[in-house]
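*Asks:* pasting the sequence and the predicted model now:
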Amino acid sequence: MKIAIGFDLHNTIMHSNEAWIEAMVACSNECFREYITQKVYDKYSRLKLTTELGADYNEVLKQYHARVNVDDNMKSLLYSLKKNYPLYLISASYALKVYKDLAVWEGEKLFDEILTKECFDKASSSDWQRFLDGRDIDILVYIGNDVDEDIIKSRRVISLISGSFLDELKGMDLLVKRGEKI
């Protein structure tokens, strides 16, 4: 039986939201921090948000890349898993952004393959089926952070959601438990 491990990148392996927030605050004003934080965690368009703030998107992007960093626990996990399992990075982001973020810590070297928005749709059952069949993977353990994007509907995929990211959402009242009203 072939078992492989897959990972999402942003907010799973890399601290992306924090980097976006700090970049936007640096390019606008501290008084917008709460508004920026809410919008970033709500997955609001970074370009639209930058425009609303009256900031220069290219400068925000430059600041983001200067601030984004890897989660040390995830990095250690990747290094230890790499010894025994094939590792795949499967991201809903564009390749240019993914590779630039991985370059911060030479993360691209850890993955057997990197799939991005251009060649893989995380919401597509057929893309997942082709991916698993094409690599003869019987079981893929997929680690992500987003309950909407990273819970994969396949009997051959075991989805795990990062607990530390869920704690951040809970602390901002963005995580609703069963039985709670919105």
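*Replies:* Great, that's in hand.
*Asks:* now do the same end-to-end measure for stretch 79-96.
*Replies:* In terms of Cα to Cα, to the nearest Å, the two terminal residues of stretch 79-96 are separated by 23 Å.
*Asks:* neighbouring contacts of it?
*Replies:* Under the contact criterion Cβ atoms under 8 Å, 6 or more residues apart in numbering, stretch 79-96 has outside partners 2-10, 13, 78, 98, 102, 107, 110-118, 120, 122, 131, 135, 137, 140, 142, 149. For the C-beta atoms, the positions are set from N, CA and C on the backbone; glycine is no exception.
*Asks:* check contacts around the nearest residue to residue 61 once chain neighbours are set aside.
*Replies:* Leaving aside its sequence neighbours, residue 61 sits nearest to residue 23 (Cβ to Cβ, 6 or more residues apart in numbering; 7.6 Å). For residue 23, the contacting residues are 60-64, 66-67, taking Cβ under 8 Å, 6+ apart as the criterion.
*Asks:* swap in residue 115?
*Replies:* Contact analysis of residue 115 by Cβ under 8 Å, 6+ apart lists 88-91, 131.
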